[in-house]
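Peer 1: With the sequence up front, the predicted model follows.
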Amino acid sequence: MSLAEVARLGGPRAFVGNRSSHRPRPPSLRTTLSAFRSAAGWLPLIPYLGLGAVLALVTGTITGDAWSRVGNAYYVLFSRDPHLAAIGFVWNPLPSLVELPLLPFAALWPALVDRGFAGNLMSAVFMAIAVRQLWLWLADLAVRTPVRLALTLAFAVHPLIVIYGANGMSEAPFLCFLIVAGRWFSKWLASPSVRALATTGTALAFAYFTRYEAVAAIGAVALATLAVSYVRAGGSRRDRRLMAVADCALVAAPPVAALIAWSAASLIIVGSPFETFTSVYGGSSQIRLGIDYIREATGQGTSAGLVYLAQQLLGLEPLLPFIALAAAAVALARRDPRLIAVLAVLGSVLAFSVGLFVAGSSFGWLRFSITAVPLAVMCAGVIVAEQPSAIARPRPLRTRVRGAIGRVLAAGIVALALIGVPWSLTTVFDQRLAREEAPQLAGLVAGDAVVPHERLEVRLAGDVARYLDSQALPRGSVVVDVALGFWVVLQSRDPQQFVITPDRDFPAIVADPGAFEARYLLVSPAQGAGTFGAIERFHPGLYATGAGMATLVKEFGEPGVSGLSWRLYRVDR
């Protein structure tokens, strides 16, 4: 570079200045606050994960359904016949798929599998994300920060939310995807965009991959999109119909594709598109098996059943009907369509669960009403939502007085939403209304003074696993149905010794174990869930007598008690 060019650029000082201008600047206050808010968004993960660690690692209180989902992922990688289809088609695959990458680390930390802690990690992360998304949804409604914080806490610390954020069940990811879908559908209702509809549909697709109840939200959102798009579209009737159909197709395409893909894979691999309805292991089969217990416990099919359901719902959110009606009145007065998102996504799933119970197709578990919690919070959010224009500019005295009255009313609505937190404590400890949760919580509070049934199952299955491991058996020696015996397989240090239900040669081996050099059959009593065990179905009377083909080697636990008794039979050659 010539001296003239240097001079034209401002001389040597210019180069010094340029060099100093590239020095790193300290972060601004705005950047620091943004980073703090991002980190604070993960604070709910701490209590959820902490409680999950206490349940799984300290007390050994492991929820069977959650642990079995860990098992579905485990069989894909570590069974005698590892393959992706081992994840199973009775239940939706997403929770197990999320847990799948964690399981190789069980070589370093076995508790991920033999205590099912991978499931607790999964639910804690998803529930923390759900809290964050609900916070952002309230922000989209322009709810003031103190009110938003209170409403978010009303969701995040609700006892049922804390429990299912910690225990590894699928409710956490399901709620997470529903809240994401509701938030983006609310955005579309406020300001139409392709991105908002596409994100809504994608979230609903993931919700379907998590739980089948998502079909209610899929249908409700599709219908709401069709109606809203037609009403607000311009042009002729034909143009409005085309716009409505296009928007409906956009939001429905991802979840419909998910439904078709999952059903087609199930049909191709196992011969049925909906195994949850047709499989002996599915929900429909389990409900038929336990119908007498359900009716006795809930009064299902009678007026007592409706009372029971109302007690569950009002036990979780006692003021939900009032808050929902108030939200509807406010939304109509303001002509605010965003309440439609709350009702279409969350309300539809709750209504679907209620309908299943009334129709006699549900166990009536308390967790099936879990969407009542975010539904109450978001209805309250609609009521206290501020108008952005009113926030942005100075207001005259009359408007300020009206605003003060509004803030008092907002505080009242928030107080009503928060009532559900202490009120629901009595519900989740109620052995009649919370038939799954109350025994576990009683055991958690009382320690070994009250031992839940599932904790006893875990301990007994651990004894069985340790005994089998001590025998140093060759590969494929023990035949067990993991729909019942996952407790044993997941606590064993040698999964290769088992022939399990997902193995592609399982039907042939269980039909003639001696021909395939299987040495033992591990079975539980043929009562309760044990009545649909594959080994007992192939060889009726095996648990009781050996069915003329096997000799009893060892018995574990309490004879004849389902879940607390196992018999190991040696196959007669």
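Peer 2: Here it is on my side, so go on. Residues are numbered from 1 along each chain as shown.

Peer 1: how close does Met378 sit to Ser68?
Peer 2: Distance of Met378 to Ser68, given as Cβ to Cβ, to the nearest Å: 32 Å. For the C-beta atoms, the positions are set from N, CA and C on the backbone; glycine is no exception.

Peer 1: Which one of these two is surrounded by more residues?
Peer 2: The residue with more neighbours, out of Met378 and Ser68, is Met378; 32 against 22, by other Cβ atoms under 10 Å.

Peer 1: helices and strands around the host helix or strand of that one, which ones?
Peer 2: Assigned by DSSP states H and E, Met378 belongs to helix 372-384. Using 3 or more Cβ pairs under 8 Å, 6 or more residues apart in numbering; DSSP states H and E, the elements in contact with helix 372-384 are helix 117-140, helix 145-156, helix 171-190, helix 303-316, helix 320-334, helix 339-342, helix 397-428.

Peer 1: What angle do helix 171-190 and the second one make with each other?
Peer 2: Taking axes from the mean of the first three to the mean of the last three Cα atoms, to 10 degrees, one finds helix 145-156 and helix 171-190 inclined to each other by 140 degrees.

Peer 1: hmm, who's touching helix 145-156?
Peer 2: 44, 131, 134-135, 138-139, 143, 161-162, 373-374, 376-377, 380-381, 384, 410-411, 414, 417-418, 420-421 (Cβ atoms under 8 Å, 6 or more residues apart in numbering).

Peer 1: Nearest to Ser229, out of the helices and strands packed on helix 372-384?
Peer 2: helix 171-190 (9.3 Å; Cβ to Cβ).

Peer 1: Could you name the helices and strands sitting against that closest one?
Peer 2: Using 3+ Cβ pairs under 8 Å, 6+ apart, helix 171-190 sits against helix 94-99, helix 117-140, helix 159-166, helix 194-208, helix 214-232, helix 339-342, helix 372-384.

Peer 1: ok, now with 6 Å
Peer 2: helix 117-140, helix 159-166, helix 194-208, helix 339-342 (3 or more Cβ pairs under 6 Å, 6 or more residues apart in numbering; DSSP states H and E).

Peer 1: Indicate which one of those helices is closest to Arg238.
Peer 2: helix 194-208 (21.2 Å).

Peer 1: tell me which residues in that closest one are buried?
Peer 2: By 16 or more other Cβ atoms under 10 Å, the buried positions in helix 194-208 come out as 196-208.

Peer 1: any idea of the angle that helix forms with helix 171-190?
Peer 2: Using the same axes, to 10 degrees, helix 194-208 lies at 160 degrees relative to helix 171-190.

Peer 1: angle of helix 194-208 against helix 117-140?
Peer 2: Using the same axes, to 10 degrees, helix 194-208 lies at 150 degrees relative to helix 117-140.

Peer 1: name the helices or strands packed onto helix 194-208?
Peer 2: helix 171-190, helix 214-232, helix 237-270.

Peer 1: Next, the contact list for the closest residue to Pro513 other than its chain neighbours, please.
Peer 2: In this structure, Pro513 finds its nearest non-sequential neighbour in Val571, 4.9 Å apart by Cβ to Cβ, 6 or more residues apart in numbering. Counting by Cβ atoms under 6 Å, 6 or more residues apart in numbering, Val571 touches 513-514, 519, 550.

Peer 1: Show me just the buried residues among these.
Peer 2: Counted by 16+ other Cβ under 10 Å, those give 513, 519, 550 as buried.

Peer 1: Tell me if I'm right that the second one and Gly476 touch.
Peer 2: No: in this structure, Arg519 is not within contact of Gly476 by Cβ atoms under 6 Å, at 8.8 Å.

Peer 1: Quick one: mean pLDDT for the helix or strand hosting Leu468?
Peer 2: Element membership for Leu468, per DSSP H and E: helix 453-470. Helix 453-470 carries an average pLDDT of 92.

Peer 1: Show me which positions of it end up buried.
Peer 2: For helix 453-470, by 16+ other Cβ under 10 Å, it's 454-458, 460-462, 464-465, 467-468.

Peer 1: And it, how far out from the chain middle?
Peer 2: Distance, stretch centre to chain centre, for helix 453-470: 27 Å (Cα atoms, centre = their mean, to the nearest Å).

Peer 1: Quick check: next helix or strand after it?
Peer 2: Using DSSP H and E, the helix or strand that follows helix 453-470 towards the C-terminus is strand 478-480.

Peer 1: who's in contact with whichever helix or strand comes after that following strand?
Peer 2: Next helix or strand after strand 478-480 toward the C-terminus (DSSP H and E): helix 482-489. Under the contact criterion Cβ under 6 Å, 6+ apart, helix 482-489 has outside partners 68, 71, 281, 457, 461, 464-465, 498, 500-501, 524, 533.
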